[in-house]
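Asks: build me a model:
(chains A, B and C)
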Amino acid sequence: MQPAVRTGGIRRRSFVAGAMGLTAATTSGLLSGCGPDEAVGASPESLAAPPVTPGPKTGGIPYPDGYVGPVARKLGPIVTEPTKFVVVVPQDLTVGDWAKNKFTKWLEQRTGITIEFRQIAGADEDVMIKVNAMIAAGDIPDAFMGVNFSKSQLYLYGAQNLFVDQAPYTDKYAPNLQQMFHDYPLAKKLSTSPDGNVYVYPSFNDCYHCRAGKSRTWINTRWLKQVGLAMPKTTDEFREVLQAFKKADPAGRGRTLPFVGYKEDGSNQVTVDKFVMNAFLYNPTSPWLVVDGGKVKAAYSQDGWREGLKYLRTLYAEGLLNRDAFSMTAEQLQRAGNNKDGSLLGVFQGNYWGSAMDVDVEDPNARWHDYEALAPLEGPDGFRVANWDHYTGFDPRLVITRKCRRPDLLVKWADFQLDLEVMMAAYAGPGSWSFAKRGDKAISGKQALFGISGTWAPDKTKDTWAQRNPNYRSGDFRLSERVDPTKPTFEKPLYEQTRDRYFPYREPIEQQFPPVALEGDQAALDASLMLDLSGEVVQTMARFVTGKADPADDGQWNDYLGRLDKIGLRPYLDIQQAAYESFQG
Amino acid sequence: MATSTIERPRVATTTASKPRKHAQGLGARMKKNWQLYAMLALPLIWLAIFAYWPMYGAIIAFKDYNVIDGIIGSRWVGLKHFERFAESYQFWRLIKNTLVLHGYELLVTFPLPIILALGLNLARRRWYRRSVQMITYAPHFISTVVVVGLIVVLVDPNTGVLNQFLGLFGVGPVEVLSNPDWFRHLYVWSAAWQTMGFSAIIYLAALTSVSPEQHEAAIVDGASRLRRVWHVDLPAIRPVAVILLILNIGSILSVGFEKVLLLQNPLNLQTSEVIDTYVYKLGFVSQIPQFSYAAAIGLFRSLVGLVLLVVANTLARRFAKSSLW
Amino acid sequence: MTTTQAAPERDSDDYLPAAVKETRADRVVLICNYTALGLFSLAVLYPLVYVLSAAFSEPKNVQSGEVWLWPVGLSLESFRSIFDYDGIVRGFGNSVVYAIGGALLATVLTLLAAYPLSRRDLPGKGLILGLFLFTMMFNGGLIPNYLVVDRTGLLDTRWAMILPTAMAVWNVIITRTYFQTTIPEELHESARVDGCSDIGFFWRVVLPLSKPIIAVNLLFYAVAQWNSWFNALIYLTSEHLFPLQLVLRQILVQSNVDPSQVRDVAELLRMKELQEQLKFSLIVIATIPPLLVYPFVQKHFVKGAMVGSLKG
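Replies: Now for the predicted structure:
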């Protein structure tokens, strides 16, 4: 597909369209979103329509004070003629067959736009394989929805004219997105490729507790009471608590696991370093990149890392860290957490309680209530920090291709979904949610905005789009979910404990390495260097912690640094430095 | 015709067919065999469409392939990707781990199904034989994730059956999962346990060609059970066994990543990282798919496989008197 | 020349004439054999029993590790929830179609290829064999394969599941070896003298003599189809065409997402519960058909299937 031919095609087309006046746009049911194969590029009428002005706000909705987020407005259909687009989506068990899903029908009725779905099964990486094969074969849909293109891919395919720069359309036809970009300037920055174009209609999910998820750690408060100790605040107190757990053996028969590390499913990433290291240096977790005064560094080659390893090594040597801390599987962790006679776990790292045990929200005495978030520890030098992901929440939701004749309609269709009522219908299922009443309490403790009535029973779930579509879930929106006092979910304690125990210690945004876009050859080099480096890092960490090597030994530590050098830490950091600078602009 | 059934049909080998003098010319012989060519037509058409047509795509190993420029249009870069692989930090470790792991696997999973098939063949009670067959066949259908889940439970250092058993002898607890040497044993023997019954099927089929007369004749000669297994049953499956061995050697650099990946952890990575897991992970961490690099590694693997296949075939022809060609 | 009849299997199909006494050594061998087979079966039986028990237990008991041999808290819940997913039931039906269709087609192609290649007197045999073997070692890779399936118009049709995998060279080679070892050259010579054509000989003599290898081919192809999901992932985009294994995989992978990437813990929890509920019952469901088929294959593993074939 050569550009010259393409523009030629467009020119001929626009000539024809011009000659026929506006008839093409106004003649009836023939309008189709997806043109025949040679129809490449947007048709000229795509930018002809006047800008969209948002409709009046729906009245009587109990927005909390100072609410920032999606609102409900009066909506009309986008098209009057039946219009069809081909959209590729990932398969999702809770969505079921996209073509038969209840929300699909609901949305179609309200917008007038019909979607012909092509569904791809499998995990994210499977979906990516299929998507690449489709692109290679020229078997290209009008748009991809919910396919997680990396920033580098968006940039690459965008620059090669496969993906459409949506900025001209969203400027004119997407008031809800403009509002979101206004509320969250970062969302706009993350959507923009290094060439300044926006190849994506994004979702943004300002998930408060997700920001601390990387190193959030849970401690068994029942055991704390039993041994009569307070929440540990320093690395020394932490050790004392673990020693007390081990001595008291609350799980019985020596099965107590005072501090447990495990291996994450499907990777060689382990959890032991995630929490403890933050008492010695800022540990951003894999791939361990830190920005220090504008310079990109790797945490694992710093002295603080070495100190952290020494500390972990003593925990392991004293039997406070489980012996299989580097090989325990997530399944084994669940088994320990759900053990019949009581949990075996003292302290574990995990996104939420469900990482280690069943979460029964109906039972007020359920085991997960025993665990509380443990604030980051203060190290011997008085250092402490909590992981706080400033960049989380961005998702490339809708990517429009050059095959699409009317990107304006798809952008309008996406923006339609950012309306509060539409979004709720897509998220919970039409009819499975309602606006809150005045006086209902929300997660934030303030006035609630909405409540979800359905539980996620399998037979109820085929009426949602499971957040695979464009979304705008602002912080206020998320926290204004009603909390049913008779059936409290874990959202409220998760929010509160994150707010009280991690937010105060959050790392500054300047230190966090942002999500960057790389170009072809850089991306290739980045991948193999990252793979070799992280393999070396976790292997050596395991050897240092389990006593097969000694981090206190200068020779062994220097050997490790030497190996990192040999793999190519320097060129790796150079790539990241360049990408970082390009991101900062 | 009793003699012709007792005498083992000759195994077709190239050496065996050489001495035959062809009286007719090539054209006449081809004409005589036209029906055989007709039979081959459909399979060859299939081969042309689904195997040879896509094969031109292998050239992306020599290009910087990108999906938009296409296979033909992408930039030619020669051996760049091969050099990158050969110079990569893990190259030698990957080769060694893959060879050792698959070699060990072959050493175990090649003879065991033969032994199982011979044992089943020897069993006299039909219900017993059929039950054993059925039971040993079933694990083939349990997904790898579940099998690895079970392995993990069995070797758990605290609660696992293995360590409780070793504990009886005052040994242990052995940390099987985090030991680089144990990784190989675990991988190989669990594979044997899972696939032995299924793999034995092919030998059971081959054993059907043994006629009772051969056994009867051997009995009359006073051969014991074991001798009959050795002299009557084993020769019947030898050609199939040799072919399977050659084919397996040809694919020695492909291990399959799923199970290895599930059993992997930082402490056994030094022996458990193989070519397939490396390629898989590379795809996983890449921001842009590395089709050309993966193709180059695949091609490298095929070339090594081809060389090994030829060597194995030559050795088999010389020593086992049967071979692939 | 008569076609063969599979000899009825005898319960004690030993060849020992009644008059000959078993030696002591033979008895020992037998006993050892029975014991070894029994022990191995027990070792294999355990995971099977575990999977069954897990499927019939309450999911939370599986999760807590209480189930290790027998079901704890007997429950049919997980089987019931299978029917909440149209995809599973439909996937099961699709898989049956793919397995049967694929096995039949592939077996026919394999036999057609294997027989001529087993004949020593076929001119050009080495070249043709080489063509087959080469494809075992080299293939074009994912994208070219996709392009071919696209260009042949098979994309997103049932044929995409059956045709691209319709023949495995591995099976051709094994089948060829079987023909070479079980069909004596003399048989073919005498048939030729009788005026039998190659196709006639193949149809009337070779096929009837080759029931075991035909059965094995059918089984292997059907099982390979039954277990496969990758081609479905790549070639199919209509949910109503998805096979069972793809749905099963979807359940396993979707609940196995990186928690830091999930936007919502509620979603994570939902997937976790789903997986716990369905994992084992789906494995049971997916294992039943191959188990049901096996006895029909086993039936052909009869010693001396060729008895009487050469009479006349």
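
Asks: and the residue of chain B that's closest to chain C?
Replies: The nearest approach of chain B to chain C comes at residue B:57, 2.8 Å away (C-beta to the nearest C-beta). To be clear about C-beta, it is placed using only N, CA and C from the backbone, and glycine gets the same treatment.

Asks: please, which helix or strand holds the residue nearest to that residue when sequence neighbours are not counted?
Replies: Once flanking residues are discounted, residue B:57 sits nearest to residue C:144: 2.8 Å by C-beta to C-beta, 6 or more residues apart in numbering or on different chains. For residue C:144, the host element (DSSP states H and E) is helix C:142-151.

Asks: tally of neighbours for residue A:147?
Replies: 22 (other C-beta atoms under 10 Å in any protein chain shown).

Asks: for residue B:179, same thing?
Replies: Neighbour count for residue B:179, taken as other C-beta under 10 Å: 16.

Asks: what sits against it?
Replies: For residue B:179, the contacting residues are B:267-268, by C-beta atoms under 8 Å, 6 or more residues apart in numbering or on different chains.

Asks: check whether residue B:325 sits in a helix, strand or coil.
Replies: Three-state assignment for residue B:325 (DSSP: H, G, I helix; E, B strand; the rest coil): coil.

Asks: tell me the confidence at it?
Replies: If you check residue B:325, the pLDDT there is 80.

Asks: contacts for stretch C:292-300?
Replies: By C-beta under 8 Å, 6+ apart, stretch C:292-300 touches B:130, B:133-134, B:137, B:201, B:205, B:208, C:6, C:9, C:211-212, C:214-216, C:218-219, C:222.

Asks: thinking again about what came up before, so what's the residue nearest to residue B:57 up against?
Replies: Residue C:144 is in contact with B:53-58, B:71, counting by C-beta under 8 Å, 6+ apart.

Asks: which among the residues you listed count as buried?
Replies: B:53-55, B:57-58, B:71 (16 or more other C-beta atoms under 10 Å in any protein chain shown).

Asks: okay if I get the residues you listed as TSV plus pLDDT and secondary structure?
Replies: Shown next, in TSV, are the buried ones among the contacts of residue C:144 (pLDDT from 0 to 100; DSSP: H, G, I helix; E, B strand; the rest coil):
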residue	pLDDT	secondary structure
B:53	93	helix
B:54	93	helix
B:55	92	helix
B:57	90	helix
B:58	90	helix
B:71	88	helix
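
Asks: tell me the one of the residues you listed nearest chain A?
Replies: Of all the buried ones among the contacts of residue C:144, chain A sits closest to residue B:71, with 7.9 Å by C-beta to the nearest C-beta.

Asks: so who does the closest one touch?
Replies: A:136, B:56-57, B:59-60, B:63, B:65, C:143-144, C:147.

Asks: report the central residue of chain B.
Replies: Residue closest to the mean C-alpha point of chain B, counted by C-alpha atoms, centre = their mean, is residue B:248 at 3.6 Å.

Asks: quick one: that residue and residue B:106 touch, right?
Replies: Yes. Residue B:248 is in contact with residue B:106 according to C-beta atoms under 8 Å; the separation is 5.5 Å.
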